[in-house]
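J.: I would like the atomic coordinates for the input below:
(chains A and B)
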Number of protein chains: 2
Amino acid sequence: MLAYGELLAFDRMAADARLAPDLSRQAALAEMAAAEMGNYRRLADRLGELGAEPEDAMRPFVAALRSFHDNTEPGDWLEALTKAYVGEGISDDFFREVARVLPPGSLADADRALVLDVLHDDGYAGFAAAEIKAAIAADPKVANRLSMWARRLTGEALSQAQQVALERTPLTALVLSGIDGGSLEELFGRLTAAHTARMGAVGLNN
Amino acid sequence: MLAYGELLAFDRMAADARLAPDLSRQAALAEMAAAEMGNYRRLADRLGELGAEPEDAMRPFVAALRSFHDNTEPGDWLEALTKAYVGEGISDDFFREVARVLPPGSLADADRALVLDVLHDDGYAGFAAAEIKAAIAADPKVANRLSMWARRLTGEALSQAQQVALERTPLTALVLSGIDGGSLEELFGRLTAAHTARMGAVGLNN
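T.: Below you'll find the predicted structure:
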């Protein structure tokens, strides 16, 4: 799921780069997209080591992830950045939760380290946040438009996540198994709190 | 020109990856697109060292290179591969000619080495050639369609190259200066012969 997520993130960031207002921003986004393919390669190699064809391993997640992206096509540069900032923030948090619940043991430890390592560093989030804040500073009305856009993104993400949870019961069981003592509500609570903090940090309302 | 060419090659290969018939071919093309951004970074850094803003240095070539790509949007996976195989073959040969005529001297030697180094290695050409040959083997009629497509590509490339030559007289003068004793016809002859050989190698007619 993470491997296909990287491939799709590449695809969408590369397309979004066309929305950039100038060549240096276009190049900046293109370079971030290119970095996703380095992560993809590491995950695909690891899938191969585990005896899986990357293509087979990714296939079950294609429909949900593509639906999310197809239903949230950004209309302009700021929508594209907000989508990446909000969407990758939530999905990175989710994959960190999954990495956390991988059972202890040397193999799983290596996988946990790999997953944590390929999750986005703050370079992209920082770039997106700076652009969003500058746009809101220049025109406060932008905050309202982007806040509504972000709500549409999270709604769509929840809908697709639910679909994956229903269809991919092993993944769902893994996530649930790690909650030990806690509850699904607590997991959602953590993801929501982090999302709300990210929104506030750039001047958007949840 | 080469820096913007890399940025645009990234953009178009990333878009063409969507035309791939399966996820592993999509990933293969996406990885090649990502590699262009590594080349772009090296060229942009070098432009910076020379005291130029990459964006300013690239701007004069934006219109011609974009026109070429806009006028030759591939309709399917094989057209995309043929375009990259034919188009990057010719443009790599052209940049090698330019590198060759850079005046001797340590600065120019470093630039020559950089230009030659970022030109595509045979990884992509080999991938594209194998796909084109396999498609022709499966259906010989494909050769005719792709040969016509390649002629359209070279016609469009010549038209845009002429435009650049007229508008960018310093670049044109540099290329002409290096022909010493030879003629413009010889330069075109070399580029054409290499192109014809590449076409024949995958079963296409010039």
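J.: how near is the residue nearest to A:A165 when sequence neighbours are not counted to chain B?
T.: Leaving aside its sequence neighbours, A:A165 sits nearest to A:T172 (CB to CB, 6 or more residues apart in numbering or on different chains; 4.6 Å). Every C-beta, even on glycine, is put in place using the N, C-alpha and C of the backbone. Distance of A:T172 to chain B, computed by CB to the nearest CB, to the nearest Å: 23 Å.
J.: State the pLDDT value of A:T172.
T.: A:T172 is assigned a pLDDT of 79 by the prediction.
J.: How many residues are close by it?
T.: Neighbouring residues of A:T172 were enumerated by other CB atoms under 10 Å in any protein chain shown; the total is 14.
J.: State whether it and A:A161 are indeed in contact, as I suppose.
T.: No. Using CB atoms under 8 Å, A:T172 is not in contact with A:A161; the gap is 10.1 Å.
J.: circling back: can you tell me the element the residue nearest to A:A165 falls in?
T.: Using DSSP states H and E, the element containing A:T172 is helix A:169-177.
J.: So which elements touch that helix?
T.: With contacts taken as 3 or more CB pairs under 8 Å, 6 or more residues apart in numbering or on different chains; DSSP states H and E, helix A:169-177 sits against helix A:77-101, helix A:141-167.
J.: Could you say which one of these comes nearest to A:D117?
T.: helix A:77-101 (9.8 Å; CB to CB).
J.: what does stretch A:54-69 rub up against?
T.: A:1, A:3-5, A:7-8, A:12, A:43-44, A:47-48, A:87, A:156-157, A:160-161, A:163-164, A:167-168, B:22-24, B:27 (CB atoms under 8 Å, 6 or more residues apart in numbering or on different chains).
J.: What of stretch A:32-41?
T.: In contact with stretch A:32-41 (CB under 8 Å, 6+ apart) are residues A:3, A:6-7, A:9-10, A:13-14, A:17, A:118, A:123-124, A:127, B:10, B:14, B:27, B:30-31, B:33-38.
J.: ok, the residue nearest to A:P74 when sequence neighbours are not counted - contacts?
T.: Excluding its sequence neighbours, the residue lying closest to A:P74 (CB to CB, 6+ apart) is A:A80, at 3.9 Å. The contact partners of A:A80, by CB under 8 Å, 6+ apart, come to A:16, A:19, A:74.
J.: what comes up buried for the helix or strand bottoming out on mean pLDDT in chain A?
T.: Of all helical and strand segments in chain A, the minimum by mean pLDDT, DSSP states H and E falls on helix A:169-177, at a mean of 78. Under the neighbour-count criterion of 16 or more other CB atoms under 10 Å in any protein chain shown, helix A:169-177 has A:V175 buried.
J.: Now do that helix: distance to the chain's middle.
T.: 19 Å (CA atoms, centre = their mean, to the nearest Å).
J.: same question, stretch A:85-100
T.: 6 Å.
J.: and it, which residues are buried?
T.: Buried-residue list, stretch A:85-100, by 16+ other CB under 10 Å: A:85-96, A:98-99.
J.: Closest one of those to chain B?
T.: Chain B lies nearest to A:E88 out of those, by CB to the nearest CB, at 17.3 Å.
J.: Isn't that closest one up against A:A129?
T.: No. The criterion here is CB under 8 Å, and A:E88 misses it with A:A129 at 11.8 Å.
J.: Dump the buried residues of stretch A:85-100 to TSV, plus pLDDT.
T.: As requested, these are arranged in TSV below (pLDDT from 0 to 100):
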residue	pLDDT
A:Y85	92
A:V86	92
A:G87	89
A:E88	88
A:G89	90
A:I90	89
A:S91	88
A:D92	90
A:D93	89
A:F94	87
A:F95	88
A:R96	88
A:V98	85
A:A99	86
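J.: ok, so of those residues, who is nearest B:L114?
T.: Of those, the one sitting nearest to B:L114 (CB to CB) turns out to be A:E88, at 33.2 Å.
J.: what about A:S183, distance to A:T172?
T.: Per CB to CB, to the nearest Å, A:S183 is found 14 Å from A:T172.
J.: do the same with A:L2
T.: Following CB to CB, the distance that separates A:L2 from A:T172 is 16 Å.
J.: Next: A:R25.
T.: Distance from A:R25 to A:T172, by CB to CB: 39 Å.
J.: Just the angle for the helix holding A:T172 relative to helix A:141-167, thanks.
T.: 110 degrees (axes from the mean of the first three to the mean of the last three CA atoms, to 10 degrees).
J.: Chain B contacts on chain A?
T.: Neighbours of chain B within chain A, by CB under 8 Å from any CB of the partner chain: A:4, A:7, A:10-11, A:14-15, A:17-18, A:22-24, A:26-27, A:30-31, A:33-38, A:40-41, A:44, A:54-55, A:58-59, A:62.
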